[in-house]
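Trainee: Sequence and predicted structure are below.
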Amino acid sequence: MLAHRMSRGGRLFRGLAVAGLCGALPPAWAQTYAVDYVATASSATTMDRTGRVIVGTTNLAPPCAGCPPIFGVPAIWVQGRRQLLEIPAGAAYLSIAGVNANGWIAGTAMRLDSTGGPGYVWVPRADGSGHDAMPIGQLPGYEDAMPAGIDDSNRIIGLARTWFVAQDPFTWTADQGLQSLTALGYPVDEPVAVSPGGVVATRTLTYRFDDPSSATAVAPPPDGFYGNTSTLTGAVNDGGMRASFLLSTGGGSQGYRYLARYSDAAGWQLLGGSAASSVPYGIGGINAAGTITANLIGSGVIAFGPDGLSQSLSGMLSAAYAGSTVGSPGDLADDGSILARVMVGRSERLAKLVPVAPCAGQDCMRVSTIAMKGRMVSEPGQPPGQCTPGARNEVTARITALDAAGQPVPGATLKGRFLDDYYLDQTVTLRTNRKGQAVARHSGEACVGAIAFLVDSVAKTGLSLDRTTGQLTAYTIPQPLR
């Protein structure tokens, strides 16, 4: 298993109008996203700022007939190629703190008691074949060494501690090993997060690594709110702007949480809420511009920097993905892409949301329709509709590509994939005929839920695919013949 960070962790205060926290936004913040598929039966919220390396978990199909699936296997995707991530011996699961632009991954090999464990860094091999786990050691007298993040200089910031006894923040580098931050003159506060450039956020302070005198205090939350100290993880950018959740003092046992942005210059700004402690919530990430992604009441939201309020990511998906929704967004890359889980068909898929704009002019094409048909073929000699080993699904997807004038586009190369509600990921490469059509076919295991088809790309010399219109995904639920 692998535990993702969830919520990453003022007299100055703006935007306290709870009823209008998701109000109208200026056109400058309008954005449309398309879906770049990463994996099925997988989950992740951690991505480096280049968008190249993703860290999460994947479910593996049953290794044999009658065997159960293998759930929650730690995995990484390097430029879309999956590799499994080693769990050190004796660990129950991994808690990942971050991945930097060099592909170095920092995390904790958690013990079965879930209170802590030793810290590790996973270093990419020179040949690209995977990552090797390296223990970062421990400060003398402490039981755990738990990273809070890793910057682009390969420096890990974290906390050494013995649960309920003592703690000391630390830094680690490959050359100098583990060192006490307090011994180097830094604050004793527990680190919450570190930015790519080495800005450290603690419970109450922000400082720049290499400059202990740079520590500045975070202003107290406004009246009626207090900091989310029970869940310490958060996000901070190189400018010291941080993303967090504030709790309402009037929330009672529910502890209502409100998405918030903080900077020394502007103070606290409420962005969206409220979310009770009993519903999913969490910070995804914050980029250099102060744009924040978060999971709020189980739905993905984005608040564009430097001072935009939260709005639904599902509402920003291209119309070509009608019916799709976004949940559990994660880190943002420098190119504007966002790691997220996206509903394609009837199940969520791990994907990157990529900014797209409408195609203008006569050199545009679109997928106008995807017509799907599916049937369940029962095993011979068995009653119709029985989920026996010999039953199968037979599915077709007819995809039509048109140009800007509405005429068929022949000779285009179309790439897509069939996905079921479990493990299916069948890629196809097709060529459109003179009618601009291509037919994809799938024959496989029955009783696996809906079968979806997702168009990854359509290419033809001189034409560009418009991903803001048309239809790029569809699904069918195969029914048995009677």
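Mentor: Sure thing, it's come through.

Trainee: CA only for contacts and neighbour counts going forward, please
Mentor: Fine.

Trainee: which residues does residue 128 contact?
Mentor: Shown in contact with residue 128 (C-alpha atoms under 8 Å, 6 or more residues apart in numbering): no residues.

Trainee: mind checking how far it is from residue 94?
Mentor: 22 Å (C-alpha to C-alpha, to the nearest Å).

Trainee: now swap in residue 352 and tell me
Mentor: 23 Å.

Trainee: repeat for residue 57
Mentor: From residue 57 over to residue 94 (counting by C-alpha to C-alpha), the distance is 10 Å.

Trainee: How about residue 411?
Mentor: For residue 411, the distance to residue 94 - C-alpha to C-alpha - is 48 Å.

Trainee: For this protein, name the helix or strand with the lowest mean pLDDT.
Mentor: strand 13-14 (a mean of 32; mean pLDDT, DSSP states H and E).

Trainee: After that strand, which helix or strand is next? Please name it.
Mentor: strand 32-40 (DSSP states H and E).

Trainee: helices and strands around that next one, which ones?
Mentor: If contacts are counted by 3 or more C-alpha pairs under 8 Å, 6 or more residues apart in numbering; DSSP states H and E, strand 32-40 sits against strand 347-356.

Trainee: tell me the mean pLDDT over the strand it packs on?
Mentor: Over the span of strand 347-356, the pLDDT mean works out to 97.

Trainee: and it, which strands flank it?
Mentor: If you go by DSSP bridges, strand 347-356 pairs up with strand 32-40 (antiparallel), strand 338-344 (antiparallel).

Trainee: Kindly reformat these as CSV and extend each row with mean pLDDT.
Mentor: Listed next are the strands paired with strand 347-356 as CSV, based on pLDDT from 0 to 100:
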stretch, mean pLDDT
strand 32-40, 98
strand 338-344, 97
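
Trainee: Throw those strands into a markdown table and include distance to residue 331 and mean neighbour count, thanks.
Mentor: As requested, these are exported to a markdown table (distance: least, C-alpha to C-alpha, whole Å; neighbours: other C-alpha atoms under 10 Å):
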| stretch | distance to residue 331 | mean neighbour count |
| --- | --- | --- |
| strand 32-40 | 14 | 22 |
| strand 338-344 | 6 | 27 |
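
Trainee: Next, format those strands as TSV and append distance to residue 368.
Mentor: TSV is the format used below for the strands paired with strand 347-356 (distance: least, C-alpha to C-alpha, whole Å):
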stretch	distance to residue 368
strand 32-40	16
strand 338-344	18
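
Trainee: if I look at the nearest residue to residue 361 once chain neighbours are set aside, how far off is residue 67?
Mentor: The shortest distance from residue 361 to any non-neighbouring residue, by C-alpha to C-alpha, 6 or more residues apart in numbering, is to residue 404 (7.4 Å). Between residue 404 and residue 67 the distance is 51 Å, computed by C-alpha to C-alpha.

Trainee: Repeat that for residue 174.
Mentor: 42 Å.

Trainee: The two - which one has more neighbours?
Mentor: Taking other C-alpha atoms under 10 Å, residue 174 and residue 67 do not tie; residue 174 has more neighbours (12 against 9).

Trainee: Now do the contacts for that one.
Mentor: Residues near residue 174 by C-alpha under 8 Å, 6+ apart: residue 154.

Trainee: any idea of the pLDDT on it?
Mentor: Residue 174 is assigned a pLDDT of 97 by the prediction.

Trainee: Repeat that for residue 91.
Mentor: Note for residue 91: predicted pLDDT of 92.

Trainee: Next: residue 228.
Mentor: So, for residue 228, pLDDT stands at 65.

Trainee: On the C-terminal side of the longest strand seen in the chain, identify the next helix or strand.
Mentor: In the chain, assigned by DSSP state E, the strand with the most residues is strand 364-377. Moving toward the C-terminus from strand 364-377, the first helix or strand encountered (DSSP H and E) is strand 392-403.

Trainee: list the helices and strands that following strand packs on?
Mentor: strand 364-377, strand 437-445.

Trainee: could you redo these as JSON lines and give each row distance to residue 160, mean neighbour count and mean pLDDT?
Mentor: Output for the helices and strands packed on strand 392-403, formatted as JSON lines (distance: least, C-alpha to C-alpha, whole Å; neighbours: other C-alpha atoms under 10 Å; pLDDT from 0 to 100):
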{"stretch": "strand 364-377", "distance to residue 160": "54", "mean neighbour count": "21", "mean pLDDT": "97"}
{"stretch": "strand 437-445", "distance to residue 160": "49", "mean neighbour count": "18", "mean pLDDT": "97"}
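
Trainee: Turn those into TSV, including distance to residue 199.
Mentor: What follows is the helices and strands packed on strand 392-403, written out as TSV (distance: least, C-alpha to C-alpha, whole Å):
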stretch	distance to residue 199
strand 364-377	44
strand 437-445	50
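
Trainee: For residue 365, list the residues it contacts.
Mentor: 401, 402, 403, 404, 409, 463, 464, 465, 466.

Trainee: Residue 178 contacts residue 160, doesn't it?
Mentor: No: using C-alpha atoms under 8 Å, residue 178 makes no contact with residue 160, being 9.8 Å away.
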